[in-house]
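Participant: Provided below for reference: sequence and predicted model.
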Amino acid sequence: MDERLLSASEFGGEIEVQKNLRPKTLSEYIGQDRLKEKMEIFMTASKNRGESMDHTLLYGPPGLGKTTLAGVIATEMGTNLKVTSGPVLDKAGDLAAILTSLEEQDILFIDEIHRLNTSVEEILYPAMEDREIDIIIGKGPTARSIRIELPSFTLIGATTRAGLPRIANRFLKRVRDYAEIRGDGIITLKIAKEALNLLGVDDYGLDELDREIILSIIDNYGGGPVGIETLALLLGEDRRTLEEIYEPYLVKIGFIKRTHRGRVVTSKAYKHFNKKRKTEGNL
């Protein structure tokens, strides 16, 4: 019986074919040239130092190849890749079992890392920072804690929510990598500016989503006002991410004003982005 080329059901061996079609190296990874340039610098710097690559957060909507990129990184670094997801790690012991099975410089990829529950997060933090975990054996008065040292490893988390923990330290490490590969290892003002430009950070400290927020309000709503729910839908972002992570800084530097009718872009932001108002206001 003939099989239709367009079908909702999977053909035999189709999943395996899909895996074989995935790129395995950066040269095979098509598109996102800026991302590839950044990753190549970070990986090369880590290999030159003989260290694991720094922990990395991959952020973006579903379908952009975050899992595939984790596999590419593992191949380029010559290490093993272990894959899991936030919803699967129900208890701290689930994560502990994976962490204790890692070998030196292995990569652990956690998809939907924002869905980890609190008890699992609490064991992940010391594992990332100190390479050790404490496991409780037994219950009640006979319970005791055992500290287990972990090998050096890289955590790659994938999320659709843009949390920004320890952002200054993260950028410092990226600038260091850039200085080692594109410079003489010394972080100068010129090197720092070049590195931050590569990372998509401008002179005001705005990243790509900061700029997208401002320009979306200007281009789609004439500078506002626009409600936060509408803006979240337009950008495909989580409302809390916009309110708690991005808006406070944009308000602080005077690029956005919060009004009872919604968010409004200020004249200062218009000037920064070299935009002209369609109708002049008094902001």
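Facilitator: In hand now; what should we look at?
Participant: and for Ile136, the neighbour number?
Facilitator: 11 (other C-beta atoms under 10 Å). No exception for glycine: its C-beta is placed from N, CA and C like everyone else's.
Participant: again with the one 3 residues further on
Facilitator: Summarising burial for Lys139: neighbours were counted as other C-beta under 10 Å, giving 7.
Participant: give me the pLDDT for it.
Facilitator: Model confidence at Lys139, given as pLDDT, is 75.
Participant: surely Glu247 is in contact with Lys257?
Facilitator: No: using C-beta atoms under 8 Å, Glu247 is not in contact with Lys257; the gap is 10.6 Å.
Participant: list the residues that contact both of those two?
Facilitator: Residues touching both Glu247 and Lys257 (C-beta atoms under 8 Å, 6 or more residues apart in numbering): Arg263.
Participant: ok, now which ones touch Glu132?
Facilitator: Glu132 neighbours (C-beta under 8 Å, 6+ apart): Pro126, Arg147, Ile148, Glu149, Leu150.
Participant: ugh, wrong one, Val175
Facilitator: Val175 touches Ile187, Ile191, Ala192, Ala195, Leu196, counting by C-beta under 8 Å, 6+ apart.
Participant: for Thr79, same thing?
Facilitator: By C-beta under 8 Å, 6+ apart, the contact list for Thr79 reads Gln105, Asp106, Ile107, Thr154.
Participant: now it, nearest residue through space, not along the chain?
Facilitator: Closest residue to Thr79 apart from its sequence neighbours, by C-beta to C-beta, 6 or more residues apart in numbering: Gln105 at 4.9 Å.
Participant: for that neighbour, helix, strand, or coil?
Facilitator: In three-state terms, and counting by DSSP: H, G, I helix; E, B strand; the rest coil, Gln105 is coil.
Participant: following the worst-scoring helix or strand of the chain on mean pLDDT, which helix or strand comes up?
Facilitator: Lowest by mean pLDDT, DSSP states H and E among the helices and strands of the chain is helix 14-21, with a mean of 52. On the C-terminal side of helix 14-21, the closest following helix or strand by DSSP states H and E is helix 33-49.
Participant: any idea of the mean pLDDT for that next one?
Facilitator: Mean per-residue pLDDT for helix 33-49: 84.
Participant: same question for stretch 228-247.
Facilitator: 79.
Participant: any buried residues in that stretch, and which?
Facilitator: Leu231, Ala232, Leu235, Glu237, Asp238, Thr241, Leu242, Ile245, Tyr246, Glu247 (16 or more other C-beta atoms under 10 Å).
Participant: quick one: end-to-end distance for that stretch.
Facilitator: 10 Å (C-alpha to C-alpha, to the nearest Å).
Participant: you'd agree Glu122 is up against Ala96?
Facilitator: No: distance between Glu122 and Ala96: 11.2 Å, which falls outside the contact criterion (C-beta under 8 Å).
Participant: okay, these two: which has more neighbours?
Facilitator: Shown here are Glu122 and Ala96; by other C-beta under 10 Å, Ala96 has more neighbours (20 against 14).
Participant: all helices for the stretch 51-200 of the chain, in order.
Facilitator: 66-77, 92-99, 118-129, 167-182, 189-198 (DSSP state H, counting those that start in this stretch).
Participant: which of the contacts of Thr79 lies closest to Ala70?
Facilitator: Using C-beta to C-beta, Ile107 comes nearest to Ala70 of those, at 6.8 Å.
Participant: quick one: distance of stretch 226-235 to the chain centre.
Facilitator: 22 Å (C-alpha atoms, centre = their mean, to the nearest Å).
Participant: what's the answer for stretch 242-259, then?
Facilitator: From the chain centre to the centre of stretch 242-259 is a distance of 21 Å (C-alpha atoms, centre = their mean).
Participant: likewise for stretch 181-198?
Facilitator: 21 Å.
Participant: pull the CA atoms of it into CSV?
Facilitator: Extracted C-alpha coordinates of stretch 181-198, given in CSV (Å, rounded to 0.1, in the frame of the first residue of the first chain):
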residue,chain,number,x,y,z
ILE,A,181,40.5,34.6,21.6
ARG,A,182,40.3,38.0,19.9
GLY,A,183,42.9,39.9,22.0
ASP,A,184,45.9,39.3,24.1
GLY,A,185,43.9,38.1,27.2
ILE,A,186,43.7,41.6,28.8
ILE,A,187,40.3,43.2,29.1
THR,A,188,40.6,46.7,27.8
LEU,A,189,37.8,49.3,27.2
LYS,A,190,38.1,48.5,23.5
ILE,A,191,37.9,44.8,24.0
ALA,A,192,35.0,45.1,26.4
LYS,A,193,33.0,47.3,24.0
GLU,A,194,33.6,44.8,21.1
ALA,A,195,32.6,41.8,23.3
LEU,A,196,29.4,43.5,24.5
ASN,A,197,28.6,44.5,21.0
LEU,A,198,28.9,40.9,19.9
